[in-house]
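Student: generate coordinates for the sequence data below:
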Amino acid sequence: MRMLKVIVIRPNLCKGCKNCQFACMVAHSEEKSPYFLDLTDPKNQARNTVVLGYDGTPSPLTCRHCQEAPCVTACPSGAMYRDSESGLVLHNQEQCAGCWMCVMSCPYDLISPDSRGRVAVKCDFCIENGRPYCVENCPTGALSLEEIKDSNEEPDTEEKKEERTKYLIIGASAAGLACAAAIRREDPWGQVTVIAEDSLVYSRCLLKDIISGARNKEQLNFVGENFFADQGIEFIPGKKVTAIDPEQKMVFTQDGWKTTYDKLLIATGAKPVLPPVENLASAKQVFVLRSLEDAERIIDSVDKNKRVIILGGGLVGLEAAEALTTKGAKVTVIELAGHLLPLQLDSFAASRYEELFRAHGVGIVTGQRAKKIELDENNNVLGVELDDQGYLPCDLLIVTAGVKPEISFLSDTGIAVNKGIIVDQQMRTSIPDIYAAGDVCENREILTGKVSLTPIWPAAVAQGEVAGLNMAGKDVELDGTFAYQNAMSFFGLPTISFGWPEPPDDSYQVETDVSPDCYQKVIYKDGRLVGAIFQGDLSGAGTFGALIKEEIDTSKYQGRLLSTNYTYYLFPELVIRD
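Tutor: Purely as a prediction, here's the structure:
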């Protein structure tokens with residue numbers, strides 16, 4: 001059994017001296033001098049901290065390098081990863097997209113944007129030193145280095161050599177590759193094949209960087225170029241599945257290729273939805289943004305000063321709008337709701353983004369529906385007619401009005417579907433040996449308690465991993481996933497939101513904290529948090545997300561939830577006692 005070194009925290013021994021924090025700052029400063037350190041220089045930021053409880057009791061906080069690390073699950077760029085040799089959770093800043101999904105996911109509030117607000121910063125365990133400086137410099141024993149068993153170590157499966165299960169995974173995005181990795185951990189000898197319609201492995205969350213030019217295609221790979229070779233997994237790109245025969249356990253693709261399986265995962269994701277707008281279906285110069293090919297088509301069609309209309313003011317639409325400003329395009333966003341990002345933000349937080357977009361030359365139209373697309377004699381887009389009879393001319397149109405599960409090939413399979421594929425807590429479909437995960441399936445959503453689609457990256461990874469473990473013979477259940485969590489940043493203003501952006505009715509309580517650079521808001525009822533928004537300053541955001549997901553009773557803190565700088569350790573129900 002492999003043993004891992006971990007930092008153990010004993011808050012009762014902490015005296016609040018902050019030696020650990022100072023040592024961390026010195027270790028990561030350019031000068032690395034213990035005699036002089038400019039504490040006002042934001043570049044000299046610590047990766048750990050000491051927090052004070054409401055009773056004034058200090059507690060040290062440092063990254064736990066969790067064995068089930070939510071930051072790794074949430075990272076869509078592959079920047080957060082577990083080092084195969086040390087078992088530590090490390091961060092590749094060059095790969096970081098600055099999306100703040102890791103900040104959103106860390107319940108200890110120990111990942112933060114760097115001083116430039118471009119990439120995340122977290123504890124690296126002082127890996128080059130071989131021992132964390134915070135532990136070396138703690139005089140009381142509040143921080144110590146100990147060893148634990150590695151729960152992620154691959155099992156001894158010598159007896160499985162003669163049993164070569166044939167695993168087939170349809171889809172090479174978050175869910176599919178999480179499934180493949182989980183299978184390989186449990187079954188080193190099985191035959192694992194991943195097929196995908198795409199020609200490359202890439203993160204859809206980063207397509208905006210292709211449009212802006214911030215990344216190239218190779219930099220969208222979130223698992224590394226050697227993933228398949230290192231894992232002993234076969235990857236077959238360019239295969240669009242058209243049919244499945246559950247009785248014969250066969251899968252057929254558009255080009256006539258076919259294969260068999262023992263265990264099958266469907267992780268085909270979702271496809272864009274076109275709203276019912278007159279002439280939209282027949283219009284030329286209309287684009288969506290779901291695939292790498294979509295992004296490349298947009299780039300090829302957008303020249304400087306071209307007029308672009310984006311239908312949909314959600315996350316994808318605004319990412320496209322921001323990216324297109326770098327190309328010199330004249331962009332207008334049309335959103336049916338009364339403000340941008342209606343599923344993620346309240347009107348106040350959204351208004352700050354509206355101001356930013358307008359300041360960067362982007363037109364914003366809210367509370368209006370596209371009624372008709374005007375076309376020329378060749379069906380090229382000329383403009384958009386609005387509900388109020390207003391008219392906006394354009395040279396091309398980008399539709400970002402949502403997605404729906406890609407289940408068009410499931411007819412005659414007998415697989416039960418609703419809006420998406422229906423699965424149980426082990427991600428099994430209604431047909432034996434067929435599983436589903438990611439945007440294509442319906443899962444219990446934690447906040448609402450209802451079975452619904454959960455089309456976000458962390459949910460897809462969690463579902464894919466559970467599916468893979470069960471396909472490989474384990475007995476693992478996923479009680480649900482949290483769909484209502486979002487991290488975003490537009491023109492340098494970061495925001496994280498959880499749960500409901502507005503209270504459903506007057507029975508809910510709301511606390512807010514507003515300043516020129518920061519906006520924070522929490523919504524709760526009967527002691528349970530159901531919503532939170534952090535804009536500008538993201539401190540504490542991950543903790544609030546954990547409180548919502550874990551349904552922790554916060555009654556004794558209400559009325560002052562936003563008034564004190566605290567983190568996970570102030571909520572003993574969430575602490576893993578060492």
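Student: okay, and the beta partners of residue 49?
Tutor: Here residue 49 sits in beta bridges with residue 61, going by DSSP bridges.
Student: count of neighbours near it?
Tutor: By other CB atoms under 10 Å, 21 other residues sit near residue 49. From N, CA and C alone the C-beta is placed, and that goes for glycine too.
Student: surely it is in contact with residue 110?
Tutor: Yes - using CB atoms under 8 Å, residue 49 is in contact with residue 110, at 7.4 Å.
Student: and the closest residue to residue 279 other than its chain neighbours, what does it touch?
Tutor: Nearest residue to residue 279, sequence neighbours excluded (CB to CB, 6 or more residues apart in numbering): residue 373, at 4.2 Å. Contacts for residue 373 (CB atoms under 8 Å, 6 or more residues apart in numbering) come out as 277, 278, 279, 280, 283, 286, 381, 383, 384, 385, 397.
Student: now, which of the residues you listed sits nearest residue 256?
Tutor: residue 286 (30.6 Å; CB to CB).
Student: please name the bridge partners of that closest one.
Tutor: residue 397.
Student: before we move on, the earlier item: want to throw the contacts of residue 373 into CSV with distance to residue 536, pLDDT and neighbour count?
Tutor: Formatted as CSV, the contacts of residue 373 follow (distance: CB to CB, whole Å; pLDDT from 0 to 100; neighbours: other CB atoms under 10 Å):
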residue, distance to residue 536, pLDDT, neighbour count
277, 36, 97, 19
278, 41, 97, 14
279, 41, 98, 15
280, 37, 97, 20
283, 39, 97, 20
286, 36, 97, 19
381, 37, 97, 22
383, 37, 98, 17
384, 33, 98, 26
385, 38, 97, 17
397, 33, 98, 24
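Student: among these, which two are most distant?
Tutor: So, the contacts of residue 373 by CB to CB: farthest apart are 286 and 385, at 15.1 Å.
Student: residue 505: how many residues sit nearby?
Tutor: 7.
Student: please enumerate the strands of the stretch 301-450 of the chain.
Tutor: 307-311, 330-335, 363-366, 370-375, 381-386, 391-393, 396-399, 403-405, 421-422, 434-436, 441-444 (DSSP state E, counting those that start in this stretch).
Student: of all the ones you listed, which one is nearest residue 194?
Tutor: strand 434-436 (13.8 Å).
Student: out of the strands of the stretch 301-450 of the chain, which one sits most buried?
Tutor: strand 434-436 (a mean of 28; mean count of other CB atoms under 10 Å).
Student: in which helix or strand would I find residue 502?
Tutor: Assigned by DSSP states H and E, residue 502 falls within no helix or strand.
Student: surely it meets residue 345?
Tutor: No - assessed by CB under 8 Å, residue 502 is found out of contact with residue 345, at 9.3 Å.
Student: more neighbours, these two?
Tutor: residue 345 (24 against 15).
Student: quick check, pLDDT for the more buried one.
Tutor: If you check residue 345, the pLDDT there is 99.
Student: excluding chain neighbours, give the residue nearest to it in space.
Tutor: Using CB to CB, 6+ apart, the nearest residue to residue 345 is residue 501, at 5.2 Å.
Student: can you map out the strands along the stretch 151-300 of the chain?
Tutor: Going by DSSP E, counting those that start in this stretch, the stretch 151-300 of the chain shows strands at 166-170, 191-195, 233-236, 241-245, 250-253, 258-260, 263-266, 270-272, 286-288.
Student: would you mind measuring from residue 325 to residue 220?
Tutor: Using CB to CB, to the nearest Å, residue 325 is found at 21 Å from residue 220.
Student: residue 315 now?
Tutor: Taking CB to CB, one finds residue 315 at 17 Å from residue 220.
Student: and if you look at residue 405?
Tutor: 23 Å.
Student: show me the helices in the stretch 451-578 of the chain, by range?
Tutor: Listed in chain order, the helices found in the stretch 451-578 of the chain under DSSP state H, counting those that start in this stretch are 457-471, 541-549.
Student: where in this structure is pLDDT low?
Tutor: Applying pLDDT under 70 to the chain flags residues 1-2, 34-40, 42, 53-55, 150-162, 564-578.
Student: quick one, domains of it?
Tutor: 159-271+404-471, 286-401 (automatic domain parsing).
Student: ok, which of those comes nearest residue 71?
Tutor: Using CB to CB, the domains of the chain put domain 159-271+404-471 closest to residue 71, at 9.8 Å.
Student: coming back round to it: who has more neighbours, residue 315 and residue 220?
Tutor: Legend: neighbour count by other CB under 10 Å for residue 315 and residue 220, higher for residue 220 (23 against 19).
Student: how about the more buried one, nearest residue that isn't a chain neighbour?
Tutor: residue 202 (3.6 Å).
Student: surely the one you found touches residue 221?
Tutor: Yes - with contact defined as CB under 8 Å, residue 202 reaches residue 221; the gap is 6.1 Å.
Student: can you give me the helices for the stretch 201-350 of the chain?
Tutor: 207-212, 227-231, 292-301, 315-325, 347-359.
Student: helices and strands around the third one, which ones?
Tutor: The contact analysis (3 or more CB pairs under 8 Å, 6 or more residues apart in numbering; DSSP states H and E) places helix 292-301 against helix 207-212, strand 286-288.
Student: ok now the shortest one, how far from the chain's centre?
Tutor: The gap between the average C-alpha position of strand 286-288 and the chain average comes to 24 Å, counting by CA atoms, centre = their mean, to the nearest Å.
Student: same thing with the first one?
Tutor: Once both centres are worked out by CA atoms, centre = their mean, helix 207-212 turns out to sit 17 Å from its chain's centre.
Student: okay, now the closest residue to residue 509 other than its chain neighbours: neighbour count?
Tutor: Nearest residue to residue 509 in three dimensions, chain neighbours excluded: residue 524, at 5.6 Å (CB to CB, 6+ apart). Residues near residue 524, counting by other CB under 10 Å, number 23.
Student: beta partners for residue 524?
Tutor: Under the criterion used (DSSP bridges), residue 524 bridges to residue 509, residue 529.
Student: list the buried residues for stretch 354-363?
Tutor: For stretch 354-363, a neighbour-count test (16 or more other CB atoms under 10 Å) marks 354, 356, 357, 362, 363 as buried.
Student: adding distance to residue 15, write the residues you listed out as CSV.
Tutor: Converted to CSV, the buried residues of stretch 354-363 look like this (distance: CB to CB, whole Å):
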residue, distance to residue 15
354, 48
356, 44
357, 48
362, 52
363, 57
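Student: taking those residues together, which two end up most distant?
Tutor: 356 and 363, at 13.1 Å, using CB to CB across the buried residues of stretch 354-363.
Student: quick one on the thing from earlier: can you lay out the contacts of residue 373 as TSV showing distance to residue 340?
Tutor: What follows is the contacts of residue 373, written out as TSV (distance: CB to CB, whole Å):
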residue	distance to residue 340
277	19
278	24
279	25
280	21
283	24
286	22
381	23
383	22
384	17
385	21
397	18
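Student: many thanks, I have nothing further to ask.
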